[in-house]
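> Model the following, please.
(4 chains)
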Protein chains: 2
Amino acid sequence: MTTAQARRTPADRHDERRQALADSALRTLGELGYARASLREIANNSEFSHGVVHYYFRDKLELIVYCVREYKARCVHRYDEVVETSRTPEELVAGFADKLVETIVEEAPMHRLWYDLRSQSMFEESLREAVLQIDQTLEDMVWRVVTTYADLSGRAPAMASAVTYGILDGLFQQALLGHLCDKEGVLDELRHRVHDLMPVLLT
Amino acid sequence: MTTAQARRTPADRHDERRQALADSALRTLGELGYARASLREIANNSEFSHGVVHYYFRDKLELIVYCVREYKARCVHRYDEVVETSRTPEELVAGFADKLVETIVEEAPMHRLWYDLRSQSMFEESLREAVLQIDQTLEDMVWRVVTTYADLSGRAPAMASAVTYGILDGLFQQALLGHLCDKEGVLDELRHRVHDLMPVLLT
DNA sequence: GGCAGGTCTTGACGAGTGTCAAGCATCCGG
DNA sequence: CCGGATGCTTGACACTCGTCAAGACCTGCC
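Numbers count the residues shown, from 1 in each chain, chains lettered A, B, ... in the order given. So this is what the prediction gives:
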């Protein structure tokens, strides 16, 4: 029936457009934030007109949650390569720290959107489920880094997964804010802090 | 001239009303967040009507920045008593951890507002000055706790002030989100985590 | 009392919002 | 070549927003 037999079934086309729309939305959301990104603005930054949103999504919230889940899926394996290729603890720490800095430089809009949404979820219950799910995914991602680091070091993580994530997330958020405020040296500081901190995360 | 000689000079009355309006605004902002707290809603939760805002404040932004600065002034000495009365490191850690938990329970709306504003400042430049200033004040507050803890322990802080703040802020934010999402045991976890973490913050 | 002055309410404005229905375009099977 | 379904645009709706001007209220002084 619906198995992928033909080149491009109508349903595929539908999903493609949905995806394209979500991509545009994500760009606009990263630029303006959750509150100020209107559907008209989102549509303006895409190849569609403002009415089409309700053809592919029930309402604004469904669009945004879809976007953010997509972002999650795209972002969650950002550190996998570092984890897999590192052969020494020093190599992993260096790779991890560099990747964090690179993330801030290249994906600042996406990540300020994430912090925006997480803050909004403290007010809007309808966002909480998606936010908690994504937060868990990020925690798992960090945990993969730290457990690998522990293995390479022949030691064990000193703290629970959530604590480790909370700490690193705090530092990352601080650096992101500093970077967006044009504070000098914030990226190098983050790199050094990660280097200093990682050993502390093991027993 | 303008010295406080009379019972209540007109200028005083003016400031009192300004303050009362700011208090109402702060309550509404804590309830709805930065984006959804309209001037009408703020006025509804006060003894005034919606037009009066522009009598006491130039515009919405001036009102909000005024509110948040007031909040800062009110909140910045929250841990002073713990710092001043503790005679042993254990006492200080326990008092600090309890106070953090108490803050989440009693002042959750104010603090989600703070995180909301800090996120918004990543998008709106007009908020950054105030946000950075408040962030620094919070960092100083945490630093007072940690240096006192170090003194009582006869040791020295292991990390820079900003790192220490970033770490604790990360954990606090995580606990606040969990608390607002009705996650069980989140407050006790925070308490234990602070107990575990504080020794790590010293050399 | 009456008349300023500051204080506050009311109502309106234009701009912007999410949503949706009606209609145009485009494509595909007959 | 046609006709219907699908995809998309346009325009309108009901609403909310920040802002401000016009006037009412109120208070205190002559």
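> Could you report the neighbour count for A:D116?
A count of nearby residues for A:D116, using other Cβ atoms under 10 Å in any protein chain shown, gives 25. For every residue, glycine as well, the C-beta is placed using N, CA and C.
> what angle sits between the host helix or strand of it and helix B:89-120?
In the assignment (DSSP states H and E), A:D116 maps to helix A:89-120. Helix A:89-120 runs at 70 degrees relative to helix B:89-120, counting by axes from the mean of the first three to the mean of the last three Cα atoms, to 10 degrees.
> average pLDDT for helix A:89-120?
Mean pLDDT, computed over helix A:89-120, is 96.
> Is it positioned near chain B?
Yes - for helix A:89-120, a contact with chain B is found by Cβ under 8 Å from any Cβ of the partner chain, at A:R112, A:Y115, A:D116, A:R118, A:S119, A:Q120.
> Flag every buried residue along that helix.
If you call a residue buried by 16 or more other Cβ atoms under 10 Å in any protein chain shown, then helix A:89-120 has these buried ones: A:89, A:92-97, A:99-101, A:103-104, A:107, A:109-120.
> Is that helix in proximity to DNA strand C?
No - figure legend: helix A:89-120 not in contact with DNA strand C (Cβ under 7 Å from any atom of the strand); closest approach 13.5 Å.
> Now do the helix or strand just after that helix and helix A:89-120, the angle between them.
Using DSSP H and E, the helix or strand that follows helix A:89-120 in sequence is helix A:128-153. Computed by the same axes, to 10 degrees, the angle separating helix A:128-153 from helix A:89-120 equals 170 degrees.
> domain parsing for chain A?
The record's domain parsing of chain A by automatic domain parsing lists A:9-71, A:76-203.
> Which of those sits closest to B:H54?
Nearest of the domains of chain A to B:H54, taken as Cβ to Cβ: domain A:9-71 at 21.9 Å.
> wait, does the closest one contact DNA strand D?
Yes - residues of domain A:9-71 contacting DNA strand D under Cβ under 7 Å from any atom of the strand: A:P10, A:R13, A:H14, A:R17, A:E47, A:F48, A:S49, A:H50, A:G51, A:V52, A:Y55.
> Among those, which pair sits farthest apart?
Farthest-apart pair in the residues of domain A:9-71 next to DNA strand D is A:P10 and A:H50; separation 23.7 Å (Cβ to Cβ).
> And those two? Which one has more around it.
Set A:P10 next to A:H50 and count neighbours by other Cβ under 10 Å: A:H50 wins out with 14 against 8.
> pretty sure the more buried one contacts A:A43?
Yes - the criterion here is Cβ atoms under 8 Å, and A:H50 meets it with A:A43 at 4.1 Å.
> need the residues of helix A:89-120 next to chain B in a markdown table with distance to A:G170, can you?
Below are these laid out as a markdown table (distance: Cβ to Cβ, whole Å):
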| residue | distance to A:G170 |
| --- | --- |
| A:R112 | 15 |
| A:Y115 | 11 |
| A:D116 | 17 |
| A:R118 | 13 |
| A:S119 | 14 |
| A:Q120 | 19 |
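> between those residues, which is closest to DNA strand D?
Distance to DNA strand D across these (Cβ to the nearest atom of the strand) is lowest for A:Q120, with 15.6 Å.
> sorry, back to before: would you list the buried entries among the residues of domain A:9-71 next to DNA strand D?
Buried members of the residues of domain A:9-71 next to DNA strand D, scored by 16+ other Cβ under 10 Å, are A:R17, A:F48.
> which of the residues of domain A:9-71 next to DNA strand D lies closest to B:V83?
Among the residues of domain A:9-71 next to DNA strand D, and counting by Cβ to Cβ, the member closest to B:V83 is A:H50, at 54.9 Å.
> roughly how far apart are that closest one and A:L39?
Plainly put, A:H50 is 6 Å away from A:L39 if you go by Cβ to Cβ, to the nearest Å.
> Show the backbone phi and psi for A:P157.
Backbone torsions for A:P157, taken as degrees, to the nearest 10, come to phi -60, psi 140.
> Kindly report the same for A:R193.
Note on A:R193: its backbone torsions stand at phi -60, psi -40 [degrees, to the nearest 10].
> Pretty sure A:V101 sits against A:R191.
Yes - the criterion here is Cβ under 8 Å, and A:V101 meets it with A:R191 at 5.6 Å.
> ok so, going back, quick one: the residues of domain A:9-71 next to DNA strand D as JSON lines, columns for pLDDT and secondary structure too.
Formatted as JSON lines, these follow (pLDDT from 0 to 100; DSSP: H, G, I helix; E, B strand; the rest coil):
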{"residue": "A:P10", "pLDDT": "64", "secondary structure": "helix"}
{"residue": "A:R13", "pLDDT": "78", "secondary structure": "helix"}
{"residue": "A:H14", "pLDDT": "83", "secondary structure": "helix"}
{"residue": "A:R17", "pLDDT": "86", "secondary structure": "helix"}
{"residue": "A:E47", "pLDDT": "89", "secondary structure": "coil"}
{"residue": "A:F48", "pLDDT": "91", "secondary structure": "coil"}
{"residue": "A:S49", "pLDDT": "93", "secondary structure": "coil"}
{"residue": "A:H50", "pLDDT": "93", "secondary structure": "helix"}
{"residue": "A:G51", "pLDDT": "91", "secondary structure": "helix"}
{"residue": "A:V52", "pLDDT": "92", "secondary structure": "helix"}
{"residue": "A:Y55", "pLDDT": "92", "secondary structure": "helix"}
